[in-house]
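Visitor: pasting a predicted model and its sequence here:
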Number of protein chains: 2
Amino acid sequence: MAGDVHYLIRRGFFYAHRDLRTILDRQRTGLKWALYSGRGPSADLHIGHLVPWMLGRWFVNRFGVEYFFEMTDDEKFLVKEGYTLEQTNRYAYENALDLIALGFPPDKLHIIIDTEDIKYLYKIAVRVGKKLTLSTVKHTFGFTDSTNVGAAFFPTLEISVAFLPTELYGETVPVLIPTAIDQDPYFRLARDIAEDLGYPKPSTIYGKFIPGLTGEDKMSASNPDSAIYITDEERDVKRKIMNALTGGQPTAEFQRKYGGDPDNCVVYKYHLLFQESDEKVKRIYEDCKVGKLLCGECKAMLFERIREFMKEHNERRERAKDVVQQYRLSTKFK
Amino acid sequence: MAGDVHYLIRRGFFYAHRDLRTILDRQRTGLKWALYSGRGPSADLHIGHLVPWMLGRWFVNRFGVEYFFEMTDDEKFLVKEGYTLEQTNRYAYENALDLIALGFPPDKLHIIIDTEDIKYLYKIAVRVGKKLTLSTVKHTFGFTDSTNVGAAFFPTLEISVAFLPTELYGETVPVLIPTAIDQDPYFRLARDIAEDLGYPKPSTIYGKFIPGLTGEDKMSASNPDSAIYITDEERDVKRKIMNALTGGQPTAEFQRKYGGDPDNCVVYKYHLLFQESDEKVKRIYEDCKVGKLLCGECKAMLFERIREFMKEHNERRERAKDVVQQYRLSTKFK
């Protein structure tokens, strides 16, 4: 894998892993493995959500692996007040369009919508469920006796997808899961019980949370200006980027004199995420450092990049509507 | 319904109900309702298990209602050590043959095998699961933190079948559930949450446990002589009946002098369950009371009746193997 590692790994956005060696060994020796990601579908999809899926696309294109993607419309309904199951199911389709828009061969991306594709998961989930006591899920996920029993059972389904490729192919197919650290408890449990159930342990690589534009550690649904949503109008994107927190000096004069601090700059982080060209990123970093690049110009460059990204994305998203069924697991597996 | 009530109701085997009036009212006014029973599939099916299903058959034939029948192969696996899911699934098919053998029109009996037909139930189960806290299922079913999360979630599926006819028909279709009292907690919960979910409350009628031949309150898997299994050889059936506990006197002489006590006699109870003719049952009762019928003869009569019942049953069970798919819910509903 050396040499052409994806820029999100190279730049440290994916910063840690568990048992990646197993996957690399299989790749080297020509053995089957698969990718697995998921999404709790809702309306508030921001461009940061697309970043790990872009890494998924790279794995698919670079290694020809299959990508299993779980839309957990059941979980979103179970853990959030105020959602109907019809709503979360509809969001599953909406979010699937964004995933497909990134560009996958239909035979490689398998989208699972929990409430519709439960038949693929339930037998595995029952076996998983027999291995996990209420005490285990309470301690692992912070559930209490006030948690609803649907939410308490749900982890079995997120775990089950890690074992699904092995079931579908009738041979050992371990998965690599690009994920944020908050989902790690699911996969630690999956590893704990995998061997008992005759499945390979899943491997994981951990992505950072995308910082909020206004300085939060994580984009936040409660502050709409902290994130750029897929559905944002161009003028909103511009405003959000122009108002973003930077590592710049208080004035242009100071910036020219002392340079900026790209290592502590949200705008620079977004360049790192959405600008594939190492050369361009390097120039931004250096020009900022020496005070040649002012924050206003840098933000304008980012806006231009994001505007272009979103324009292309929305065009491809529109075309995805005609082909979404080709990406459903149920279209390809009986 | 007066006039031709089934002998199991007339003789008090079904002895109580909750909200039967709703069902009777719908029947009188020509509105749709359905029947619902279930079985945790295993190898130890005894003839007592067939008794409530015979009442089901009567309802189907008398009122033309549809009979939804849930084989809970998931639950049996989840709550019993030592079963594989493949085993409980196989038993679901085996037990289905016994149900079908009782004689149903294929368009009226809909057999659901949980692990295979989960797609019909899961969306309902998720809605049910959101309404039930862990605290509720713990208190209702005696679960503890050591209970596995699959077993804890399972009640949502048993409850979901009560709501399934309404989903399938897109109109209000309340169910009547012939059941033993041990299953009542599921249906009390179902009634608690039904209206919130937009479903009609299920009604129930309660059957007694079949007494063990050797005097236990209930046939027991741990004492094979307490029950007659579908798979028993004729000689075993004979031995079990001949060894059964009766209300007879210690000697034939005493029996002739003082008469027997059919009201406290397991053999008489079995006559009540398996002898449809009121006249024959009445003669047995009276002849016993006055000492005209000795226990040996009475047992021989019961053996003859059971032998005939089982012979017919096993012939019909054999024929059921060719038509089992016609009775699957999945054959009839998309």
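Guide: Happy to help now that I have it.
Visitor: what segments of the stretch 51-200 of chain A are strands?
Guide: Residue ranges of the strands in the stretch 51-200 of chain A, as given by DSSP state E, counting those that start in this stretch, are A:66-71, A:109-113, A:175-180.
Visitor: mean neighbour count added to these, as CSV?
Guide: No exception for glycine: its C-beta is placed from N, CA and C like everyone else's. As requested, the strands of the stretch 51-200 of chain A are exported to CSV (neighbours: other C-beta atoms under 10 Å in any protein chain shown):
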stretch, mean neighbour count
strand A:66-71, 25
strand A:109-113, 26
strand A:175-180, 23
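Visitor: how far off centre is stretch A:199-212?
Guide: In terms of C-alpha atoms, centre = their mean, to the nearest Å, the centre of stretch A:199-212 is found 9 Å from the chain centre.
Visitor: check stretch A:14-24 too.
Guide: When C-alpha coordinates are averaged (C-alpha atoms, centre = their mean), stretch A:14-24 and its chain have centres 16 Å apart.
Visitor: and the strands of the stretch 51-200 of chain A as JSON lines, adding distance to chain B and mean pLDDT?
Guide: Converted to JSON lines, the strands of the stretch 51-200 of chain A look like this (distance: least, C-beta to the nearest C-beta, whole Å; pLDDT from 0 to 100):
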{"stretch": "strand A:66-71", "distance to chain B": "14", "mean pLDDT": "98"}
{"stretch": "strand A:109-113", "distance to chain B": "11", "mean pLDDT": "98"}
{"stretch": "strand A:175-180", "distance to chain B": "21", "mean pLDDT": "96"}
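Visitor: let me have those in TSV, extended by distance to A:G30.
Guide: Putting those into TSV (distance: least, C-beta to C-beta, whole Å) gives the following:
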stretch	distance to A:G30
strand A:66-71	15
strand A:109-113	21
strand A:175-180	16
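Visitor: wait, which of those is closest to B:K289?
Guide: strand A:109-113 (66.6 Å; C-beta to C-beta).
Visitor: which strands and helices sit next to that closest one?
Guide: Strand A:109-113 is packed against strand A:66-71, helix A:85-101, helix A:329-332, with contacts defined by 3 or more C-beta pairs under 8 Å, 6 or more residues apart in numbering or on different chains; DSSP states H and E.
Visitor: out of those, which one sits most buried?
Guide: Most buried of the helices and strands packed on strand A:109-113 by mean neighbour count (mean count of other C-beta atoms under 10 Å in any protein chain shown) is strand A:66-71; its value is a mean of 25.
Visitor: tell me the mean pLDDT for the lengthiest helix in chain A?
Guide: The single longest helix within chain A, with elements called by DSSP state H, is helix A:295-320. Across helix A:295-320, pLDDT averages out at 97.
Visitor: in that helix, what's buried?
Guide: The neighbour-count criterion (16 or more other C-beta atoms under 10 Å in any protein chain shown) identifies A:295, A:298-299, A:301-303, A:305-306, A:310, A:313, A:317, A:320 as the buried residues of helix A:295-320.
Visitor: need these in JSON lines (columns: distance to chain B).
Guide: What follows is the buried residues of helix A:295-320, written out as JSON lines (distance: C-beta to the nearest C-beta, whole Å):
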{"residue": "A:C295", "distance to chain B": "47"}
{"residue": "A:C298", "distance to chain B": "47"}
{"residue": "A:K299", "distance to chain B": "44"}
{"residue": "A:M301", "distance to chain B": "46"}
{"residue": "A:L302", "distance to chain B": "41"}
{"residue": "A:F303", "distance to chain B": "41"}
{"residue": "A:R305", "distance to chain B": "41"}
{"residue": "A:I306", "distance to chain B": "37"}
{"residue": "A:M310", "distance to chain B": "34"}
{"residue": "A:H313", "distance to chain B": "31"}
{"residue": "A:R317", "distance to chain B": "27"}
{"residue": "A:A320", "distance to chain B": "25"}
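Visitor: and the closest residue to chain B within the stretch 201-334 of chain A, what does it touch?
Guide: Using C-beta to the nearest C-beta, the closest approach of the stretch 201-334 of chain A to chain B is made by A:S330 at 10.1 Å. Going by C-beta atoms under 8 Å, 6 or more residues apart in numbering or on different chains, A:S330 touches A:116-117, A:120.
Visitor: quickly note the distance from it to A:I112.
Guide: A:S330 is 8 Å from A:I112, where distance means C-beta to C-beta, to the nearest Å.
Visitor: what touches both of the two?
Guide: Common neighbours of A:S330 and A:I112, counting by C-beta under 8 Å, 6+ apart, are A:Y120.
Visitor: nearest residue to A:G129 in space, please, no chain neighbours.
Guide: Sequence neighbours aside, B:G150 is the residue nearest to A:G129 in space, at 2.5 Å (criterion: C-beta to C-beta, 6 or more residues apart in numbering or on different chains).
Visitor: give me the neighbour count for that neighbour.
Guide: 22 (other C-beta atoms under 10 Å in any protein chain shown).
Visitor: I'd say A:F68 and A:H110 touch.
Guide: Yes. Contact criterion C-beta atoms under 8 Å: A:F68 and A:H110 qualify, at 5.1 Å.
Visitor: common neighbours of the two, please.
Guide: Both A:F68 and A:H110 are contacted by A:L329, under the criterion C-beta under 8 Å, 6+ apart.
Visitor: excluding chain neighbours, give the residue nearest to A:P174 in space.
Guide: Leaving aside its chain neighbours, A:P174 sits nearest to A:P200 (3.8 Å; criterion: C-beta to C-beta, 6+ apart).
Visitor: and for A:L134?
Guide: In space, and not counting its chain neighbours, A:L134 is closest to B:D145: 4.8 Å by C-beta to C-beta, 6+ apart.
Visitor: count of residues packed around the one you found?
Guide: Other residues near B:D145 come to 15 when the count uses other C-beta under 10 Å.
Visitor: show me what contacts it?
Guide: Contacts of B:D145 (C-beta under 8 Å, 6+ apart): A:133-135, A:138.
Visitor: so what's A:L97 up against?
Guide: With contact set as C-beta under 8 Å, 6+ apart, A:L97 has these partners: A:317, A:320-321, A:324.
Visitor: and the pLDDT at it?
Guide: 98.
Visitor: ditto for the one 3 residues further on
Guide: Looking at A:I100, its pLDDT is 98.
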